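Colleague: need a structure here:
(chains A and B)
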Amino acid sequence: NAGVTQTPKFQVLKTGQSMTLQCAQDMNHEYMSWYRQDPGMGLRLIHYSVGAGITDQGEVPNGYNVSRSTTEDFPLRLLSAAPSQTSVYFCASRGILNSPLHFGNGTRLTVT
Amino acid sequence: DQQVKQNSPSLSVQEGRISILNCDYTNSMFDYFLWYKKYPAEGPTFLISISSIKDKNEDGRFTVFLNKSAKHLSLHIVPSQPGDSAVYFCAAPTQGGSEKLVFGKGTKLTVNP
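Modeller: Modelled structure (predicted):
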């Protein structure tokens, strides 16, 4: 059981480039979300989805797009990367309401 | 405006002693709290939770205490082990259910052999 899988593990981008961070889960979870972790800031919610075709904004959504075409996948898109998006990104999923989140191992992104 | 605050960035304890990690919250409507543990280069993993209808929840060496009047919770680890060395995050859902989970900044625990 792989749980939540994130790819890539590391990525370096130049300012203005675009990329997609991939997230897949094999637990048939309806809820998926993206967080970013910055030094001294804890984890902050970017976007989340409560099911295929449904997405909503979190605390820090600007500069990021998401879509949810399948239950398993929840990609995060950076259309024009900025140095302020340098961070570690975590994807998470959960099953029933109020059950704990299962996190992937993160993608470390550097934007130069 | 931080709704969940962990005011101690780090804590160091000796193996076998008790570790106490603290968390304060500002929103009296919060009714469910979770603790996550994070090792370097890994994602956070769920540790223990507590509902506001309780003031204590215990799971093996880990106990969480909730003081609603003080808007304060604490995680006790007894006895502490070197493998407990990690960053601990306190978290709470901002609305009904856990659609939006807010996290504290974390406390780095170091357990010395």
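
Colleague: quick one: A:His47 from chain B, how far?
Modeller: Using Cβ to the nearest Cβ, to the nearest Å, one gets 11 Å for the distance from A:His47 to chain B. Placement of C-beta: from N, CA and C, glycine included.

Colleague: nearest spatial neighbour of that residue, skipping sequence neighbours?
Modeller: Sequence neighbours aside, A:Val66 is the residue nearest to A:His47 in space, at 4.3 Å (criterion: Cβ to Cβ, 6 or more residues apart in numbering or on different chains).

Colleague: what ranges do the strands span in chain B?
Modeller: Using DSSP state E, the strands of chain B run over residues B:4-5, B:10-14, B:19-25, B:32-38, B:45-51, B:56-59, B:62-67, B:72-77, B:86-93, B:101-103, B:107-112.

Colleague: between the third one and strand B:86-93, how many degrees?
Modeller: Relative orientation of strand B:19-25 and strand B:86-93, computed by axes from the mean of the first three to the mean of the last three Cα atoms, to 10 degrees: 30 degrees.

Colleague: tell me what strand B:19-25 is packed against?
Modeller: Using 3 or more Cβ pairs under 8 Å, 6 or more residues apart in numbering or on different chains; DSSP states H and E, the elements in contact with strand B:19-25 are strand B:4-5, strand B:10-14, strand B:32-38, strand B:72-77, strand B:86-93, strand B:107-112.

Colleague: quick one: which of the strands of chain B is nearest A:Ser99?
Modeller: Closest approach to A:Ser99 among the strands of chain B (Cβ to Cβ): strand B:45-51, 8.9 Å.

Colleague: that closest one vs strand B:72-77, what angle?
Modeller: 130 degrees.

Colleague: B:Tyr88 reaches B:Asn22, doesn't it?
Modeller: No. At 10.2 Å, B:Tyr88 does not count as touching B:Asn22 under the criterion of Cβ atoms under 8 Å.

Colleague: identify the contacts common to those two.
Modeller: B:Gln6, B:Thr107 (Cβ atoms under 8 Å, 6 or more residues apart in numbering or on different chains).

Colleague: of these two, which one has the most company?
Modeller: Legend: neighbour count by other Cβ atoms under 10 Å in any protein chain shown for B:Tyr88 and B:Asn22, higher for B:Tyr88 (23 against 17).

Colleague: ok, now which ones touch that one?
Modeller: So B:Tyr88 contacts B:Gln6, B:Leu21, B:Trp35, B:Tyr36, B:Lys37, B:Lys38, B:Leu47, B:Leu75, B:Gly106, B:Thr107, B:Lys108, B:Leu109 (Cβ under 8 Å, 6+ apart).

Colleague: can the residues you listed go into TSV with extra columns for distance to A:Leu78 and pLDDT?
Modeller: TSV is the format used below for those (distance: Cβ to Cβ, whole Å; pLDDT from 0 to 100):
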residue	distance to A:Leu78	pLDDT
B:Gln6	29	96
B:Leu21	34	98
B:Trp35	31	97
B:Tyr36	25	97
B:Lys37	29	97
B:Lys38	23	96
B:Leu47	31	97
B:Leu75	35	98
B:Gly106	25	96
B:Thr107	30	97
B:Lys108	29	96
B:Leu109	33	98
